[in-house]
Each structure stands twice: as C-alpha cells, then as structure tokens.
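In: here's a sequence, model it:
(chains A, B and C)
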Amino acid sequence: MQLELRPDVSNAAAPTPLLSLSGVTKTFPGVRALSDVSLNLYPGKVTALVGENGAGKSTVVKVLTGIYQPDEGDIRIDGEALSFPTPQSAETAGVTAIHQETVLFDELTVAENIFLGHAPKGRFGLIDKTAMATRAREILDGIGAKIDPGATLKDLGTANKHLVAISRALSIDARVVIMDEPTAALSQKEIEELYELVESLKAQGKAILFISHKFDEIFRIADFYTVYRDGQMVGEGAIIDVSEPELVKLMVGRDVSQIFPERDHNVGHDILEVAGYDHPTEFADIGFTLRRGEILGFYGLVGAGRSEFMQALFGITRLSGGTVRIDGAPVSIASPADAVASGIVYVPEDRGKQGTISALPIFQNVTLPSLARTSRKGFIRLAEEFKLAREYTERLDLRAASLDTDVGNLSGGNQQKVVIAKWLATQPKVIILDEPTKGIDIGSKAAVHEFMAELAAQGLAVIMVSSEIPEIVGMSDRVIVMREGRIVAELARDQITPETLVSHAAGIREAAQ
Amino acid sequence: MKRIFASRELLLLVAIALVLGIISSRFPAFITLSNLAAVFNDTSPLILLAIGQMIVILTKCIDLSVAANLALTGMVVSLINISAPGLPIIVTLAVATGFGACLGMFNGILVWKLDIPPIVVTLGTMTIFRGTIFLLTEGKWVNSHEMSDTFKAFPRTELLGLPVLSWFAIAAVILFTIVMTRTTLGRAFYAAGGNPHAATYAGINVGRTQFWAFTISGALAGLTGYLWVSRFAVAYVDVAGGFELTVVAACVIGGVSIMGGIGSVPGALLGALFLGIIANALPVVNISPFWQMAISGGAIIIAVVLNAQANRTKGRVILKRAEHAT
Amino acid sequence: MTTTTRSIPDRLRSPLERNLKSWESLLMLVAIGIFIANSFASPYFLNAWNLSDATFNFTEKAMIAFAMALLIISGEIDLSVAAIIALASTAMGAAVQAGVGTEGLVLIGLAVGLACGAVNGFLVTGLGLPSIVVTIGTMSLFRGISFIVLGDQVYKGYPADFAFFGQGYVWWVISFEFVLFAIIAVIYAVILHMTNFGRAVYAIGNNATGALFSGIRMGRVKFTLFLLTGLMSGVAAVCLTSRLGSTRPSIAFGWELEIVTMVVLGGVNILGGSGSIPGVVIAAFVMGLVTFGLGLLNVPGIVMSIVIGALLITVIALPRLWSMWRG
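Out: Below is the predicted model:
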C-alpha cells in the first residue's frame, strides 16, 4: 500500500502564492508537531489542508495566526518574509482565522465578540456602539446569518456561535482567511450558505485555507490540496488531478499491517452488553455487546460523540436512559467509582487533565483506585503500594528514574503507561482506551499497541476509541462507526478498510454501499 | 429570539421593589423621596466599593484589602488635613484617590508579576494596611475637632438636593458603566475573566488586565476612605472593620460570578442597594437591626444558588434534534 | 538515563533529605529565630508560666486550622468557621439558661459545629456551589443568628466545672487546651499523611477531574471535610467559651482570616494540592510567639498583624522572586 503521490503542480498552472510557508518546524516537549512543512495559498483560490488528527493541521494554523512561534522556517506574504510574534501582528499582516475551538466570550454581545480588540472608536476614544452594531450587522448579513448583533453570545445555539466566529474572522480586513473545520457544527442549509461565502471571498481575491475531514466538500469547493501526515507534508497539487481514494491513501499513508502486533482474533463469550444509552443532547440509542479477548474499535470524526458516550459508560455524565450488563447481570453506574467497582475502567484522551494527577508521584497515581487493597483499615501501607506499583509499571515497561518521580515529569508515552498501569492494578474486566496513542512518540505507540494485544490475549475486553485510521485497522477485531451521536455502522474484521471507515464516518454515500 | 435585558439585574430589581412594596404597605414614610435619598446616601460608600470589587472579581480575582485600604487612606488624608488644614478639597480628593490607587497597584503587581493567588495577596495587604494605620498614629484617633471644617463639610454639602457623597456614587456608576461597556479596557475585564485562554488569542494580556482591576478597586477604596472619615468625622484603626466581606456580598447578590467574567455595574449597584435598604428598613419596621446580618447571609446564599442555576454549562450538543430544540 | 537495569528504584532521595529541604524546615528556622530573639529581647520570655499563657494565643485557632488545612488542600475553603464558633457558643449559652449541665453543653457545642459543617458541605458538594462565596454567606447567616438571639446581651453563668476546658491545667504548666491541641494535631497528621482518606484529599486538590476519573468519591470526601471543619469549630467554641466564661455574638470575630493565614503560612497551597500538618503546627507556634514576644515588648497586637501579613506575602513571594532571578 506504499503510495507517494506527488502530482506535478505546474499542470494546474498555479499562480504565484499570496502566502507561502516553507521549512517550518515546531516541536513541543516530547512531540515534533511539524517537521519541515510547507504550504502555499493562492489569491482567489481555496486550498484544502488534509490529514488525520495529529497530522499537524491545527499547529500550522496556530503558527499562521501568531499563537505559536515556529522553531524554524519562514512565512512569506507576497514574497516578503514576515514573523508573527503576537495574534495582532498576524491580523495586521492580513491573516485571519476561524478557529476550531471557540475563542468567543459568552458574556459579551455578538457585536462585541466580533470586534473585541479592534472595535471602532468614536468620540473620546470610546467604543462607537452604533458603528460597531452597524458593521456587525453588515458582516452577519454578508454571510446570511440572522443574528441580532446586540444579543448576548451565551443565548445563541452552537451553529449561530460558529457564524459569529466566522464573522469575527471577516471583521478583519484580511487577505488570507483560514477556516479550520468550519462546517463541523453547521446544518446543511448553513453549509450551503458558507459555500456561497467562500465563493464570494474567492471573487474578492482572498486566499483561503480550508481544513476539513469531509471529502465531499473538499472536492466541491477546493482548488488545491495539501496533505500532511505525522507533521510532514506528503503531497500537494490541484484537486482536478486527484481522486478521492488517492487522497485517502495519501492521508493514511503507511503500510498499516507492518507496525501492528500479530493477533489471533479469537474472542470469548459476551462480557459487556450496553442497550439504549441515551443522552439529551450528545448521543442517542447506543447499544452493542463486547466479548472477552476482543478489541472493539470506535471510529468517527472528532465530535461524533464517542468520548461523550464512553464517559457516560464510565459514570461521569448523567444519562436519560440505558442499561448495562456485565456477565449478564445488570449493573448501575452513577459514578466512576461505581464503574471501577463493576470492572469497567477508562483511559481518557486528555491525559494531563483526566488521566494522571501530575503533581503526585508515579506510585501514588498507580495505587489511587486500588488503595482499599494496599491499605489496612484505611491506613496506608507504603511497602504494599510500592509493590503493587512496581508490579504493574514493570509489566508495562515504564521508563522512569524512580517510582516517587512526579508523573508530570514523564514523557507522554510513559504517562500513558502510568494511566494503564493504574487501571490494570484494579483487575478490570473491560478497559476503554480513548485515543490511546494520541500525541505520543512512535516507539511508545508500538509498545501501547503490543500491550493492548497482550491484554486481549489474556481475556480482557478492550474498547479502543481512535481517530487514527491505521490504528483502527491494525488493532480492531470489530469496528463501530459513529456519526453525529449515533452508531452508523458496525464492521466485521474483513470489512475494516480505511476507505469504508472514512466513508461511513463522513457520510459519503457512494462508497458506503 | 429572546431579548433579555440583563435578566439577573432585572430579577434583583423586582426583589428590591418587592421589599420596598412590603415595607411601604405598613410604613409609607419609608418610601418618601427624602428617606430614599437618605438610604441611597448611606449606601453610597458600599456602592463605590462594590463597583471596584465587581471589576476585580470579573477578572477571576478577589480584593479583601478594600476596607483596610479605605481605613488607611482615610487616616492618611486626615493626618494631612491636621498638618495642612487649608489644603483645597480637590487636592485631598486627588491624594485620596491616588494613594488608594497605589495601594491597589501594589496588590496588582504581586498578582501580575509574581503570580501569587489574589486571596493570599489581599489577605496579607489587608493586615499590613491596617497595621500601618497604627504605626502612623500609635493607635490614637483623629477626632472631629482636629479636622478642618471644609474637610468635614464636603461630603455633606448638598448639590441639587443630594449630598456630594451621593453624587460621587452616581458619578461612579455612570463613569464605570461607560468604562465597562464602551472602552477596550472594560471589555478586556470581561474577556480576561470569562475565557482567559481565548483572551490570549484575542491579544489581551490577562495579568495586566488584572493589575488595572486592582488599581481601579484601590482608587475607589481610597476615594471612599476620605468620604467615609470626613462624613463620620473620625478616623481610627478599625474604620470599616470587616466591611470587605459586605462588599463581596453586595457583588454576589448583584449577580457577579466569583468564577469571573460575569457581572455588571448595575448589578453591583443593585446588590449594594439591596443590602443598604435592608439595613435601613429594619429599624423602621420594628425588626431588631440584629437581623440584618442573617438576612444578608441568606440573601447571599439564595443569590449564589440562583446564579449557579443560570450559568449551567451545556455540552457539545452533537445530536441534530437537540440543537434545533434549544 | 539508566536503561541498563529494568528495575525502577522506589525512591531516589531519602525521606530525610526531602524533609530537610522543605518549607517546614524553613519555617522551623524562622520559629527558632523568633524564639531566640524574644528571649534576648525580654527577660520575662523564658518563663514557663508566661510561655504557657502564650499558647492560648493560638491553640483554639490552630485546632480549626488543622481541619481547614485539609479543606484547603482539597481545593475548597471555609470562611464561616468563626461564625460557627459564635453560633455554637450562643447555643451553649442558651442551654445554660435552660439549666443544661457541662456534658450537655459540650455535646451541644459539638453538635452545632457539625450541623453548620453539614450545611456548608451540602451547599458546596450537593448543589455544586463555589465554597468561597457559600461560606461568606453562611458566615453572615450563622453569626447573624447569634445576633438575633443575643442582640447586645451577654450569656454568662457557665457551670464552674465547665471552666476546665479553657482554663484548666493537666499537669504543672501544661494546659488542657494545649494537650487537646497536641492530640488534635496528631490525629489530623495521621488522617492527612497516613490514610487513604488523606491520599484522596491530596488527589482531589491536585486535580479534581483526574481524581474523579480515578474513581475517587469526591463529593463524599469534600462533605466529610466540611463536617470535620464544622466539628473543629465546635471544639474551639467549647474551649473559647470556657476560657472567656461568657458569650457575645461578636465572639471570635475575624478569626477566619487569621486561621487561613495560619494555614497558608504553614505551607499549604491556597490553590490546593499540597501542604502538611507539621507545617501548620509550626506556623501556629510562629504566630503565637510573634504575638507573645511583641506583647512582652509592649508592642500592640495590631503591629504583629503587619508582621504576620508581611510574613505571609514574603514567604510566598521569595521563592517566586528567586526563580525569576535565575531566569
């Protein structure tokens, strides 16, 4: 499956780029987010930036908008090298972005949100509210949003908030407009209006960077594409020169069978049965069974409701309905403590905030849910704690200076091992891993994968939520695909291919047959 | 489309009207214009301090040193008055405001540059400010006869039927309503407290914004310090002792969220007025004034419960049907 | 990195080495310094009875400070503690008028403390409200009820044997209050440093979400902490009422901030997550010694508040300034 498409850009008769990024590298402690990447945006054209989660798309957006400073490389606008030390300097240079995460303020009005930091001033240097409202009105009308500029933001729905974010980006007289998954929260009608907006921006000669997971819209509105994978640029060219399967292959890239452990895929009897799990706003009617020794993949786009469902199963979120059975017996899960007692444990995606307690030492993190076993009558026995912590951290091949090192000092991969060790020490029946290898280095990734296979072989039932296609393909016995809070497909072992996953998750009809 | 006129403030306004209505049904004298003006005048120091505190709390901080700042500044201007009785009032006002602002800046610097939690900083400066009064005076009082007549008369001087003290509160309400709604700094207070992460994206320096909040709070406390000691014609170590918590209470009742980002000048005004009306009404309706503390305590708790209900956060709202339902 | 040996050592630094570099040792040096300075400054300082008297400056506050330390480590705060003393003392005073004996008075004092703690605990954990505002509210409410009951009256006439709790001596110069202080210190040190409960307190204070995701029953732990703080306020109310022999609604006024100061001075992070009981014990002695020493020099209490306030800010600012200096 090795495929390195590099279509010749000259075929597309590319004009000179308005904005060009070259040789940009950005590293964070433990992670190389961008490695020598380039990106070209052309006036009056839409360039789609494509890649899996963690490919470096959001990082490049932050570099372009002055939020991150690149370690190396340069940004040129009209051939002139620039640097963006602050968000304002990027705006002054004419670069504006609609960010994926909402950078809005609930307590301010729509108009104030749009103009925060660059409000029109009137007499005495005061904010000219009338002018601000009028201009906000114009911008909102321009994108067909029926929102009152004087309304307080918190009274708006998700879709309208997004339109405000778009308006904020447009309020800056920009030459480069970055849209980071702009349609994720919009309805079909609103998406159509957004496309019209993109067309009008193109007509004004603006260069547009469009980031999306939805292939139908990429092929509909983009003129060029650039593909990132693992922080590197792996391909670029004109959209007319590429097909959808080719783009998917470029994005997924590597030969998926090589780096994953061999598994026999023998599964045992049913252990977990979930039926009719409902949440008022986040997901509906989730039901499935899980067997001993099975790895069940959960695939979907970001925001498909997978993590929300898993956290409900783990007792974090309150539900409006649903039942869980373990080994055939119904259990009631109202808190994580209940879930752990029933044998369900959860390795969260957000390690820093939810997984570890970073200012506590390794051994205390590992024993936290198992203190009842290591203590006597509620009194701590340190020797027992060290023994338990040693047993499980060694099984996971943890690398650390000592067991009383604070977890915060470990690398991402080793932190993940601490979280998994913590849960294995409770001797669970079902382990849920939410994006288990996100943001950790390749070596640790392989170790986590091997360990997952080993756990399944020992009879543990594993649920793996992942947005990384190779991981889903390489590890899962079965895959459930979610879209917009619902299960849309269940794929058996032989049906799991990158193409089917992407088409079910994105709702591409022709490929979903 | 629901156009909500600051519903929290509206709710409080209704509550205040209700309280006034009940009182007036039995004691019509309470709601005469002259009595209400007296109540307002009596509440003016609290209004001034509550506006400053509201701004500080908006930025996710708290200022427990306001009452001590008030007492120290009050003492400083009193001592200046003793040594230079002929000083024009405008100079006294400037000194009081400026000195208070400096004390506020000291708090602000510690929070901004050293990143010390605001509650620790202001707990410390609270005791330091009060202790300093003692060092200045060795515990002696500055009494009425030591203060010059102009110094004492100023807050009581009537202008268009209202004492100057009331006019200061009115001016502060107007000025800070404009500052909070019509200036970049005012909006920055909301942004820095409501969503510090996003504020950084929008190019707002959160620490510096907090510094200015403390400076404003300090300046208002200093100004109130002069007005307070001159109105009561006495300055001593324990002036306004424990008043810092009343000020926080006024803010909380006025709908200011202790988590930051939520609050308004009208809210702080109404919160202060609510406490002021209760304090002044109790003797009138023949309830022992000793009920005052418990009533304001109950009001704080009710206000917190109501605020929390109004500010429940929603999830991501993934389901399409749920989105249309909201 | 040593990857030759697969086995990870339990510890690199010995516990002793850790302790020597700690906040507690620094504070201990401050305490010793103040002690030496005091003994040079006043000939009356090194007198067993004078020193014994000095302990009353902090024993009651420290009892509450221990429970408060746990609460602050868990990321919450209780500003209503002094008001709980007032309410508990008022309830005891009222009971005296009704002819209740000493045992009954103690029970009433403790029960009122527990009940007030339960109210705070319910508002914070049951309704999910921020504790700093909730307890500012209950502070007014609890003391307000005292004012309603007592007004400007005073309750007196406590039974003679009730005086033992605040005025009695167990042996020579060792007062009952000091013994109680020491016992409570040991109990809280054990709870915080040696039990599963204490471990949960640290976990919650460091990362509440992480603790919840690790299966800690957070609501239950926090509710218990509010109960304990209420109970300790009840104990302090018994001691203080017994020592004063009377109850006014203004009893223990302003103590909440002194207690918080004591806790923070003792090295407890006001934002939660770290701190120790030995630290709070030393901080209690430091505050007591400063008050007493300055008192012997005829320096009034208000000046000592400057010293305490300055100490509070300096000890927190110094390490931060130091790290800024070094870049």
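
In: where does the spatially most central residue of chain B fall, secondary structure wise?
Out: Closest residue to the average C-alpha location of chain B: residue B:50 at 1.3 Å, with Cα atoms, centre = their mean. Residue B:50 belongs to helix B:33-58 when assigned by DSSP states H and E.

In: next SSE downstream of that helix?
Out: helix B:66-83.

In: residues contacting the residue nearest to the centre of chain B?
Out: Residues near residue B:50 by Cβ atoms under 8 Å, 6 or more residues apart in numbering or on different chains: B:247, B:250, B:251, B:254, B:268, B:269, B:271, B:272. Using the backbone N, CA and C atoms, a C-beta is placed for each residue, glycine as well.

In: in what helix or strand does the nearest residue to the fourth one once chain neighbours are set aside lie?
Out: Looking back up the chat, that one is residue B:254. Nearest non-adjacent residue to residue B:254, counting by Cβ to Cβ, 6 or more residues apart in numbering or on different chains: residue B:271, 2.6 Å away. Using DSSP H and E, residue B:271 sits in helix B:265-284.

In: so which bits of that helix are buried?
Out: Under the neighbour-count criterion of 16 or more other Cβ atoms under 10 Å in any protein chain shown, helix B:265-284 has B:265-282 buried.

In: does residue A:197 touch residue A:143 like I think?
Out: Yes - taking contacts as Cβ atoms under 8 Å, residue A:197 lies within contact range of residue A:143: 4.9 Å.

In: got any residues that touch both of the two?
Out: Contact criterion Cβ under 8 Å, 6+ apart; residues shared by residue A:197 and residue A:143: residue A:166.

In: burial measure for the nearest residue to residue A:334 once chain neighbours are set aside, as a count.
Out: In space, and not counting its chain neighbours, residue A:334 is closest to residue A:315: 5.9 Å by Cβ to Cβ, 6+ apart. The tally of other residues near residue A:315 (other Cβ atoms under 10 Å in any protein chain shown) stands at 25.

In: so what's residue A:315 up against?
Out: Counting by Cβ under 8 Å, 6+ apart, residue A:315 has contacts A:333, A:334, A:335, A:336, A:337, A:338, A:339.

In: correct me, but the third one touches residue C:217?
Out: Just to be clear, that refers to residue A:335. Yes - assessed by Cβ under 8 Å, residue A:335 is found in contact with residue C:217 at 6.7 Å.

In: thinking again about what came up before, farthest pair within the contacts of residue B:50?
Out: Greatest spatial distance in the contacts of residue B:50: B:247 and B:269, 12.8 Å, computed using Cβ to Cβ.

In: what's the angle between the helix or strand harbouring residue B:246 and helix B:33-58?
Out: Here residue B:246, judged by DSSP H and E, is contained in helix B:243-253. With axes from the mean of the first three to the mean of the last three Cα atoms, to 10 degrees defining the directions, helix B:243-253 sits at 90 degrees from helix B:33-58.

In: briefly note if helix B:243-253 comes near chain C.
Out: Yes - Helix B:243-253 is in contact with chain C by Cβ under 8 Å from any Cβ of the partner chain, via B:245, B:248, B:249, B:252.

In: quick check: buried residues in that helix?
Out: Applying 16+ other Cβ under 10 Å to helix B:243-253 flags B:243, B:244, B:245, B:246, B:247, B:248, B:249, B:250, B:251, B:252, B:253 as buried.

In: let me have those residues in JSON lines, extended by distance to residue B:84.
Out: Formatted as JSON lines, the buried residues of helix B:243-253 follow (distance: Cβ to Cβ, whole Å):
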{"residue": "B:243", "distance to residue B:84": "28"}
{"residue": "B:244", "distance to residue B:84": "30"}
{"residue": "B:245", "distance to residue B:84": "35"}
{"residue": "B:246", "distance to residue B:84": "33"}
{"residue": "B:247", "distance to residue B:84": "31"}
{"residue": "B:248", "distance to residue B:84": "35"}
{"residue": "B:249", "distance to residue B:84": "37"}
{"residue": "B:250", "distance to residue B:84": "35"}
{"residue": "B:251", "distance to residue B:84": "36"}
{"residue": "B:252", "distance to residue B:84": "41"}
{"residue": "B:253", "distance to residue B:84": "41"}
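
In: export those residues to JSON lines and tack on pLDDT?
Out: Supplementary listing: these in JSON lines, determined by pLDDT from 0 to 100:
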{"residue": "B:243", "pLDDT": "89"}
{"residue": "B:244", "pLDDT": "88"}
{"residue": "B:245", "pLDDT": "83"}
{"residue": "B:246", "pLDDT": "89"}
{"residue": "B:247", "pLDDT": "94"}
{"residue": "B:248", "pLDDT": "92"}
{"residue": "B:249", "pLDDT": "90"}
{"residue": "B:250", "pLDDT": "94"}
{"residue": "B:251", "pLDDT": "94"}
{"residue": "B:252", "pLDDT": "91"}
{"residue": "B:253", "pLDDT": "90"}
